[in-house]
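> Here is my input; please provide its structure:
(chains A, B and C)
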Amino acid sequence: MAGVAQAGNPLGRALRDVRHMAEDRYSIWSWIATVDHKRIGIMYGITAFTFFLIGGVEALLLRIQLAQPNSTFLDPDQFNRLFTMHGTTMIFLVVMPLSAAFFNLVIPLMIGARDVAFPRLNSFSFWAFLAGGIFLNASFFIRGNIFEGDIGAPGAGWFGYAPLTSTEFSPGHGIDFWILGLLILGVASMAGGFNFIVTILNMRAPGMTLLRMPLFVWMTLVTSFLIIFAMPVITVALFELLFDRLYNANFFNASVGGSPLLWQHMFWLFGHPEVYILILPAMGIVSEILPTFSKKPLFGYPFVVFSGVAIGFMSWGVWVHHMYTTGLGTVANSAFGLSTILIGVPTGVKIFNWLATMWGGSISIKTPLLMCAGFVTMFTIGGLSGVLHTMVPSDFQQQDTYFVVAHFHYVLFGGSIFALFAGVYYWFPKFTGKLLGEGLGQLHFWLMLIGFNLTFFPMHISGLLGMPRRIYTYQEGFGFDTLNMMSTVGGFIIAASMLVFITNFISSLRNGEKSGRDPWDARTLEWSLPSPVPNYNFKEVPVVEARDAFWYTKYRENEEGVVVRIEGAAADDEEDDGEGGHGIHLPSPSYFPLIAAAGLPIIATGLIYDPALVAVGVATTMIGVFGWAIEPPTERR
Amino acid sequence: MATSTGVDNRKLFMWLFLASECLFFGSLIAAYLLYRGQHGVPCMDGDLSTCVFPTDRTINGVEYEGIFDIPFTSVSAFVLLMSSVSMVLALAAIQRGNVRAMRIWLFTTAALGALFVGGQAFEFTEFYREGLTLETNLFGTTFYVLTGFHGAHVTIGVLVLFSLLIWSSRGKIQAKDSLNIELAGLYWHFVDIVWIVIFTLIYLIQP
Amino acid sequence: MLAIITAVEVALYYLDLSRNALVGLLLALSALKFALVVLWFMHLRFDNRLFSTLFVGGIVLAIGIFTVALSTVGGKLV
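Residues are numbered from 1 along each chain as shown, chains lettered A, B, ... in the order given. Reported below is the predicted structural model:
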């Protein structure tokens, strides 16, 4: 299978040379062409964190505008575009890819695999995500000088309700960038979803039965299924909107009988599973960290697994609770109100299991545990305000107020972001060999917790007082003034906490304390490996004998039923020099996934501006795909 | 390579992809079904005589001729069905190690697929000449987008089949590589069953 | 076999049946064709149960959610 690398073929030789450049572990090409899940995970993490900062700056601009009544810091149009980009960024460019970063980093390690099932597809996912993210943000620059306030981004909300997104009400190309950007991001997520389902089902080490898998692996599996089933629905909806906008189709054109409700149905058919795509990985992370820092196995493992699966199924039956006020009728509203109350049950089961895991444990209060505790409390508050929304009459009152904004920030920030930071503090040593500073870590946590609550708790009250969301300003004397000032101050405290985190991250990376293999006395297989993990992961594929596989090799019950450490088990002996794995066949680096992904934004730009570019983009993607198909996955030496 | 479930990675991937595609076509079909039967009423200029109907009908005693050509599309549907049969034969051939027979059947499949796409292009042109465009009304919008996405799937399938043919002409596909053909076949059959649904729902069942 | 069913379907279209009978028959016949292709051509009948679970899951999910969605906005399935 020499394929392209045949001698005498100049193109083939050039390709082989460029491939060899990528085999030098320290060259930039080795990152660009990498198919190593750990490197892809790191790139996902850094990219998504960068978008997090961008989305955060957008949020701060919104908060400055809202700090005082009748402010003119932003005009209404700029405000619309900024909150649209803030929401879209935080959901599609931050929480989803940060979760994907952890899928990449730890899933193969947790199940005892050398890589994911399709390493090049994995690299394609990352590059398509990056391409989609850049494309979406490029929309800021399409309307003129951004520094004079001509912001070109989409301005119809992250949900893009019809008919607001029609060319009549949203002229310019902002919405087109939004549609095509989300389509590219959808391709990236779906490729990742397929990859991780196959990886988790097929690549488990011997003995790693489904009910021995760590909780994070389970939640990744459920999330991936939600992705592959939910993304096609939004893909079709976005295509329909695209046809409406670019080619005057009539899907959502009410003047010839089109129904804006079709958009809402399709959007929320995707949107509600999406909510669980955002939170289930976070729940998985928490379910790994709490047992480790409580020195106890997860309480009621099968219940936590099955409630996660149950949430996955039920997430398909609750979407109409986003549409109570659209007049679908009493029957629909009541039925979906009921199903929404029911989905709270498995969520509640999980919360009680986490509490029971900590109960009576010998808890070590480190930053990862604090972040998880923050998750459990903040997510519970968000869950409870969510229960209020399930009641139709109550929801009628709260619809489109800041109460809703408070609710979903408590579940997405208080939930997902806290858990993702817990994951960063927990797994950082595994991939760098160094611990994140504990002092700065705790400072980060407390600042973030205080800033978060100061920002979003007052929104419950301003919302109940009737302050509408998505409105660029408010009048004096409605009782909103102090509450909004509090929110703005809180927003800046969150920003300060991020500076603390970045400082900690960089300084720990430079001269952090060495962590060794297993700094937390952890339970799952990744901690049995050297830190940082060598590129082949496992020298020998482990054989799994129990749940919490690594813990089982370290601790056993003695005759009296007391758990004791096995002498000499998992000693932190030799530091691996990365040279030990020469006999192991690893997939070769490849540029083709990048080429295939690079074609997508070219096609998208072409659809908006110039059909000729579409041809260029299609050709680029085809070259990538064909090269990918012809190139042997592993080059024989 | 041995896997935990015993099934091949790529085959599992393909089935997951097809399961996901069910939602894709499900969404497109749902949009068509939501708007079916509404297209005659709100014509662009309010004049019923300029409306385009998919099937023959009588309104206020006046007979209107629909634009669907059922015999033509039936033949198209039949062509696609037969291409599925030849796909099955191609797979059976390579599993027996008969590369020559596989190539013949692969070519037959690709040719029948291309014929189907050609038929669709002809049909679209005819409809366009009758005055039905994406903009005309809800029927035009949903019909072209749904059948167009299906046609795009067939086109990609034809490209894949021709690539496999070229690949096999360089001797790269032997009995041990039959999985490549099997995967292409799964995709091809899926595209075929989507047409079975579309043909029944759009062409045969009148609104 | 598939050809025969298609022929019958088209013939039915030209017969003067009541709409309900026609719709019922056509749906049943195309479901039959669908099943034939999936079970034999795609080998689902003989292959790993995992595949059929996934595929049927996708179909059931699609039919389920869109039946509910269309019924809330007054659409009809056929």
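
> which parts of stretch B:102-115 are buried?
Judged by neighbour count using 16 or more other CB atoms under 10 Å in any protein chain shown, the buried positions of stretch B:102-115 are B:102-103, B:105-106, B:108-115. Yep, even glycine has a C-beta here, placed from its N, CA and C like the rest.

> again with stretch A:594-609
Applying a neighbour-count criterion of 16+ other CB under 10 Å, the buried positions in stretch A:594-609 are A:594-608.

> quick one: low-confidence parts of chain B?
Low-confidence segments of chain B, defined by pLDDT under 70, span residues B:1, B:39-53, B:57-65, B:207.

> Okay, helices next: where are they in it?
Along chain B, counting by DSSP state H, helices occupy B:9-35, B:70-95, B:99-129, B:138-169, B:178-198.

> before we move on, which element is the residue lying closest to B:Leu134 once chain neighbours are set aside in?
Nearest residue to B:Leu134 in three dimensions, chain neighbours excluded: A:Ala249, at 4.8 Å (CB to CB, 6 or more residues apart in numbering or on different chains). Assessed by DSSP states H and E, A:Ala249 sits outside every helix and strand.

> how near is A:Ile494 to A:Phe480?
Here the distance between A:Ile494 and A:Phe480 works out to 20 Å (CB to CB, to the nearest Å).

> ignore the last one, B:Gly97
From B:Gly97 over to A:Phe480 the distance is 78 Å, taken as CB to CB.

> So these two - more neighbours on which side?
When neighbours are counted by other CB atoms under 10 Å in any protein chain shown, B:Gly97 and A:Phe480 differ, and A:Phe480 comes out ahead with 22 against 12.

> Now the phi/psi pair for A:Gln399, please.
Main-chain dihedrals, A:Gln399, degrees, to the nearest 10: phi -50, psi 130.

> roughly how far apart are the residue lying closest to it once chain neighbours are set aside and A:Asp400?
Nearest-residue entry for A:Gln399: A:Thr325, 5.0 Å, with adjacent residues in sequence omitted and distances by CB to CB, 6+ apart. A:Thr325 sits 8 Å away from A:Asp400, going by CB to CB.

> tell me the contacts of A:Ile450?
With contacts taken as CB atoms under 8 Å, 6 or more residues apart in numbering or on different chains, A:Ile450 has the following neighbours: A:490, A:493.

> got it, and B:Thr108?
Contacts were defined as CB under 8 Å, 6+ apart; by that measure B:Thr108 touches B:83, B:86, B:90.

> repeat that with 10 Å
B:82-83, B:85-87, B:89-90, B:161 (CB atoms under 10 Å, 6 or more residues apart in numbering or on different chains).

> count of residues packed around A:Ile493?
The burial count for A:Ile493: 17, using other CB under 10 Å.

> Go through the helix or strand it falls within and flag the buried ones.
With elements taken from DSSP H and E, the one containing A:Ile493 is helix A:481-511. Applying a neighbour-count criterion of 16+ other CB under 10 Å, one finds A:481, A:483-484, A:486-488, A:490-495, A:497-498, A:500-501, A:504-505, A:508 buried in helix A:481-511.

> Can you name every helix or strand that it contacts?
Using 3 or more CB pairs under 10 Å, 6 or more residues apart in numbering or on different chains; DSSP states H and E as the contact criterion, the neighbours of helix A:481-511 among helices and strands are helix A:37-66, helix A:402-411, helix A:418-432, helix A:438-464.

> Remind me which helix or strand the residue nearest the centre of chain A belongs to.
Among the residues of chain A, the one closest to the centroid is A:Met96, at 2.0 Å (CA atoms, centre = their mean). Secondary structure from DSSP H and E places A:Met96 in helix A:96-111.

> quick one: pLDDT of residue 5?
You didn't say which chain, so I picked chain A. A:Ala5 is assigned 42 on the pLDDT scale.

> The intended chain is chain C.
Here the pLDDT value assigned to C:Ile5 is 77.

> contacting residues around the helix or strand hosting it?
Taking DSSP H and E as the criterion, the element that holds C:Ile5 is helix C:2-14. Judged by CB under 10 Å, 6+ apart, the contacts made with helix C:2-14 from elsewhere in the structure are B:55, B:70-71, B:73-75, B:77-78, B:81-82, B:84-85, B:192, B:196, B:199-200, B:203-206, C:21-22, C:25-26, C:29-30, C:32-33, C:36-37, C:41.

> Hmm, the residue nearest to B:Leu134 is touching B:Leu146, no?
No - counting by CB atoms under 10 Å, A:Ala249 sits too far from B:Leu146 to count as a contact (11.7 Å).

> picking that back up, output the helices and strands packed on helix A:481-511 as CSV; include the columns mean pLDDT.
CSV is the format used below for the helices and strands packed on helix A:481-511 (pLDDT from 0 to 100):
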stretch, mean pLDDT
helix A:37-66, 97
helix A:402-411, 96
helix A:418-432, 97
helix A:438-464, 97
